[in-house]
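A.B. asks: Sequence plus predicted model, see below.
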Amino acid sequence: MKVILKETIDTLGIAGTECEVSAGYGRNYLLPQGKAVLATPANRRVMEQARAKLELQIAKERKLAEEMADKIKDITCTIKAKVREEIYLYGSVTTHDIKDALEAQNIEVERRVILLAEPIKETGEYKVPIRLYKDVEPEITVSVVAEEKEEK
């Protein structure tokens with residue numbers, strides 16, 4: 001099913017683009033939620049007329065993403081974890097831990113925008129990209145350190 005997006009959807013594209021989606025996804029989610037319209041000749045003409053408004057919206061979204069990218073690109077998150085042999089973690093550091101560490105620094109991001117390829121299982125410093133908008137992916141530094149043992 002071909003649809004024209006009325007708003008930016010990360011997995012599909014930016015507002016105003018025409019894309020192919022599965023019939024169920026389009027019929028049961030995109031069309032009822034008002035996130036897209038069927039790609040018919042009449043709807044294409046309507047979207048062409050609304051293109052100026054969409055381009056303004058896209059520019060605004062991109063500007064907000066770039067401002068956020070400037071804010072977080074120099075961020076270092078330090079996460080303490082229990083370790084064995086001074087290197088290997090007992091568990092792992094996941095996007096949940098990174099999101100919590102960012103929230104502690106008053107930076108709100110959704111967990112799905114943190115592009116961690118696989119959970120971190122050793123101490124050290126890692127560069128983790130954050131997808132804020134299409135082609136706007138600043139990297140933050142995640143430093144995983146050993147949790148100090150309590151003396152008894």
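C.D. replies: All right, it came through fine.
A.B. asks: so where's this protein shaky on pLDDT?
C.D. replies: Applying pLDDT under 70 to the chain picks out residues 149-152.
A.B. asks: residue ranges of the helices in it, please?
C.D. replies: In the chain, the helices defined using DSSP state H lie at 23-25, 31-33, 41-49, 51-72, 95-104.
A.B. asks: In CSV, list these along with mean neighbour count and distance to I4.
C.D. replies: Yep, even glycine has a C-beta here, placed from its N, CA and C like the rest. Compiled in CSV, those are given as follows (neighbours: other Cβ atoms under 10 Å; distance: least, Cβ to Cβ, whole Å):
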stretch, mean neighbour count, distance to I4
helix 23-25, 11, 14
helix 31-33, 12, 11
helix 41-49, 12, 5
helix 51-72, 14, 10
helix 95-104, 16, 32
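A.B. asks: Any idea which of these gets closest to R111?
C.D. replies: Minimum separation from R111 across the helices of the chain (Cβ to Cβ) falls at helix 95-104, 4.9 Å.
A.B. asks: Quick one: list the elements packing against that closest one.
C.D. replies: With contacts taken as 3 or more Cβ pairs under 8 Å, 6 or more residues apart in numbering; DSSP states H and E, helix 95-104 sits against strand 76-81, strand 139-146.
A.B. asks: Can you tell me the strand partners of the first one and which way each runs?
C.D. replies: Using DSSP bridges, strand 76-81 pairs in its sheet with strand 139-146 (parallel).
A.B. asks: can I assume I140 is in contact with R131?
C.D. replies: No: at 11.9 Å, I140 does not count as touching R131 under the criterion of Cβ atoms under 8 Å.
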